[in-house]
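Undergrad: Starting from these lines, generate the structure:
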Amino acid sequence: MPLGRAVCLTLTAAERHRLKKMAYGHKTEHRARQRAIVVLLAARGRGNARIAAETRLHVDTVRTWRGRFADGGLPALADRKRSVRPARFTPVQVAEAKALACQLPAETGIPLSRWSCPELAAELNARAGSPTASPCQRCAAGYARTRSSPGSTGPGSSNPRLGLPCQGCPCDGPVRPHLAGQATRR
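TA: Modelled structure (predicted):
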């Protein structure tokens, strides 16, 4: 399928001045500089293939920026807003987690010297009242860290590195020894 002809660009004096500042400025980002050079060369009447060869960009990239400038002018040369994954936690929850992580566990009544991720998650879930991770998932996280140790056979094994069986958990999976007294605390 043949591609359409390259769009002819005509620049105003203000646009040309701004594009030259972008193309030749010392503090301009690399991608902004490339886009400005593509538009300036296109305004001189050069074809997409020739611009691509001179700038060492792909022809599709040249075509994209030439077309975007033709459609939207200088603002179209900026990056478009990208879609992102929706946040799983509210800013208040994030702030609470950071504040708790900055405290020593002993200050909250937990007999640990430092927080680990599973203990921090368990304490946050206990404070929230509605746990986001079940005790079974917590046991699985403990198992995942130790399953590469020699002789471990999985949840419920008698390997001392895996710890005692989790009390109150339907899987009867392992829990680390220092958490054995806290497993029923919930």
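Undergrad: Report the contact partners of Ala36.
TA: Applying C-beta atoms under 8 Å, 6 or more residues apart in numbering to Ala36 gives the contacts Leu19, Lys20, Met22, Ala23, Thr28, Leu77. Quick note: C-beta positions are derived from backbone N, CA and C, even for glycine.
Undergrad: Need the pLDDT of the second one.
TA: Each residue has a pLDDT score; the one for Lys20 is 95.
Undergrad: picking that back up, out of the contacts of Ala36, which are buried?
TA: Buried members of the contacts of Ala36, counted by 16 or more other C-beta atoms under 10 Å: Leu19, Met22, Ala23, Leu77.
Undergrad: Next, the second one: secondary structure please.
TA: What it means is Met22. Here Met22 is recorded as helix under DSSP: H, G, I helix; E, B strand; the rest coil.
Undergrad: Determine the number of other residues adjacent to Leu104.
TA: Using other C-beta atoms under 10 Å, Leu104 is surrounded by 11 other residues.
Undergrad: For it, give its distance to Ala95.
TA: In this view, Leu104 and Ala95 are 18 Å apart by C-beta to C-beta, to the nearest Å.
Undergrad: Please enumerate the strands of this structure.
TA: Here the chain has its strands, by DSSP state E, at 164-165, 174-175.
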